[in-house]
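K.L.:
coords please:
(one chain, ligands or ions: 1)
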Amino acid sequence: MPTLIFAANWKMNQAPAAATAFVRAFTDQYVRRQDRRVLFFPPAVSMYAVVQGLRDRSDLEVGVQNIHWEDQGAFTGETSGPLAHAAGARHVLVGHSERRHLFGETDEETAKKISSAFRAGLTPTLCVGETLTQREAGETIAVVQRQLRAALAGVAAPILTSAIVAYEPVWAIGTGRTATPADASEVHLAIRAELRAIAGELGAAIPILYGGSVNRSNVQSLLAAPEVQGVLVGGASLDAEQWCAIVGGS
Ligand code: PGA
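P.N.:
Below is the predicted model of the structure:
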C-alpha cells in the first residue's frame with residue numbers, strides 16, 4: 001500500500017499553549033494508520049510543546065519551518081539544524097515560497113540548508129513552485145527544474161532518497177486558488193523526471209507533495225492525481241477538526 005504524507009505548516013500561528021491543545025484534540029480523534037505519515041511544522045517556539053504532546057505517538061512527526069545553514073555561531077535570531085534536532089525536530093521545510101519571496105532566500109541558500117539538514121539528521125522537505133507571472137510566461141517547468149537542481153544536485157543519491165519535495169505554486173498559497181489535479185500532476189511528473197535525472201532510479205522513491213489552498217473538500221481529488229504522494233497544508237491545518245478530516249479521509 002503506498003504511504004501518503006500529510007504535512008501541516010502552521011506558519012506564524014499557534015503559541016505553545018494553543019499547540020498543546022491542538023495536539024491533544026488531534027490525537028484524541030486521529031487513530032494511527034499504516035498507510036499514512038503525519039508531519040507537523042509548528043513555529044520554532046512551539047515545537048517543543050508539540051514534541052512533548054506527541055511523545056507517545058511515533059506515527060506523528062515534528063519539524064521546524066526553517067534553519068540556518070551554519071551549525072552554530074553568532075547568528076542572532078536563527079535556529080540551526082543541530083539545535084532543532086536536539087529540541088526534537090526530525091524534519092525541516094526548506095525553500096518555502098514565503099522564505100524565497102518575502103525573505104529573499106536564494107537557490108544557493110536552499111542548497112546550503114539542504115546540506116545542513118542532512119548533516120543534522122533532519123529530513124528536508126524542499127518546496128518548489130512558480131509565481132503567477134512565471135506560469136503565464138510558460139516557465140513553470142523550467143522554474144521547478146532550476147529550483148530542484150540548485151538545491152539537490154550536490155547531494156549524493158542515496159542520501160537524497162530520504163528527502164521530500166513539495167510542489168507549491170506560489171499563486172495557490174493562501175489564496176483559495178488551487179491547482180487542478182491535472183495541473184498538479186503535470187508538474188509532479190516533470191519533478192519526478194528531474195529527480196530521476198538528478199538521482200537516477202533512486203529518484204523514483206522521493207515523495208512529492210502538493211501544497212496550495214488544500215482543504216477537506218479538494219484533498220481527495222488532489223491525492224488521486226498521478227505522482228501526488230501527499231499534501232503540505234497551511235491554513236486548513238490550523239483547525240484540529242479540519243486537519244483530522246484531511247488526514248483521516250480515505
Ligand atoms: P495554504 O499554505 O494551504 O494556506 O495555501 C500552504 C503552504 O504554504 O505550505
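K.L.:
which residues in this structure form helices?
P.N.:
Shown for the chain, the helices assigned by DSSP state H span residues 16-29, 44-53, 81-86, 97-102, 107-120, 132-136, 140-152, 157-160, 181-199, 219-223, 240-248.
K.L.:
Between helix 140-152 and the fifth one, find me the angle.
P.N.:
For helix 107-120 and helix 140-152, the angle between their directions (axes from the mean of the first three to the mean of the last three CA atoms, to 10 degrees) works out to 50 degrees.
K.L.:
what packs against helix 107-120?
P.N.:
Helix 107-120 sits against helix 81-86, strand 91-94, strand 123-128, helix 140-152, with contacts defined as 3 or more CB pairs under 8 Å, 6 or more residues apart in numbering; DSSP states H and E. Heads up, the C-betas are built off the backbone N, CA and C, glycines and all.
K.L.:
closest one to the ligand among the helices of the chain?
P.N.:
Closest approach to the ligand among the helices of the chain (CB to the nearest ligand atom): helix 97-102, 6.7 Å.
K.L.:
Could you pull up the mean pLDDT of that closest one?
P.N.:
With pLDDT averaged residue by residue, helix 97-102 scores 96.
K.L.:
what do you get for stretch 141-156?
P.N.:
Stretch 141-156 carries an average pLDDT of 96.
K.L.:
again, but for stretch 206-213
P.N.:
In this model, stretch 206-213 carries a mean pLDDT of 97.
K.L.:
does it come close to the ligand?
P.N.:
Yes - legend: contact between stretch 206-213 and the ligand by CB under 6 Å from any ligand atom is shown at 211-213.
K.L.:
do stretch 30-42 as well
P.N.:
No - interface with the ligand: stretch 30-42 contributes nothing (CB under 6 Å from any ligand atom), its closest point being 8.5 Å away.
K.L.:
so how far is Thr175 from the residue of the chain at minimum distance from the ligand?
P.N.:
With distances taken as CB to the nearest ligand atom, the chain approaches the ligand most closely at Gly234, which sits 2.4 Å away. Gly234 sits 11 Å away from Thr175 when distances are taken as CB to CB, to the nearest Å.
K.L.:
Neighbours of Gly200, how many?
P.N.:
Other residues within reach of Gly200 by the criterion other CB atoms under 10 Å amount to 11.
K.L.:
before we move on, back to that, in terms of packing, which of Gly234 and Thr175 has more residues around it?
P.N.:
Just comparing Gly234 and Thr175: by other CB under 10 Å the higher neighbour count belongs to Gly234, 22 against 13.
K.L.:
you'd agree that one is up against Ala172?
P.N.:
No - look at Gly234 against Ala172 with CB atoms under 8 Å: they stay out of range, at 10.4 Å.
K.L.:
anything in contact with each of the two?
P.N.:
When contacts are counted by CB atoms under 8 Å, 6 or more residues apart in numbering, Gly234 and Ala172 have Gly211 as shared neighbours.
K.L.:
Return the residues of the protein in contact with the ligand.
P.N.:
Among all residues of the chain, those adjacent to the ligand (criterion: CB under 6 Å from any ligand atom) are 9, 168, 173-174, 211-214, 232-236.
K.L.:
Can you flag which of the residues you listed belong to strands?
P.N.:
Counting by DSSP state E, those place 9, 211, 232-233 in strands.
K.L.:
Pro43: which of these is nearest?
P.N.:
Of all these, Pro43 sits closest to Asn9, with 10.1 Å by CB to CB.
K.L.:
Now do the contacts for the closest residue to Ala172 other than its chain neighbours.
P.N.:
The shortest distance from Ala172 to any residue that is not its chain neighbour, by CB to CB, 6 or more residues apart in numbering, is 2.8 Å, and that residue is Gly212. With contact taken as CB under 8 Å, 6+ apart, Gly212 is in contact with 129, 168-169, 171-173, 175, 177-179.
K.L.:
could you dump those to a markdown table with pLDDT?
P.N.:
Converted to a markdown table, the contacts of Gly212 look like this (pLDDT from 0 to 100):
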| residue | pLDDT |
| --- | --- |
| Gly129 | 98 |
| Glu168 | 97 |
| Pro169 | 96 |
| Trp171 | 93 |
| Ala172 | 91 |
| Ile173 | 90 |
| Thr175 | 89 |
| Arg177 | 87 |
| Thr178 | 87 |
| Ala179 | 89 |
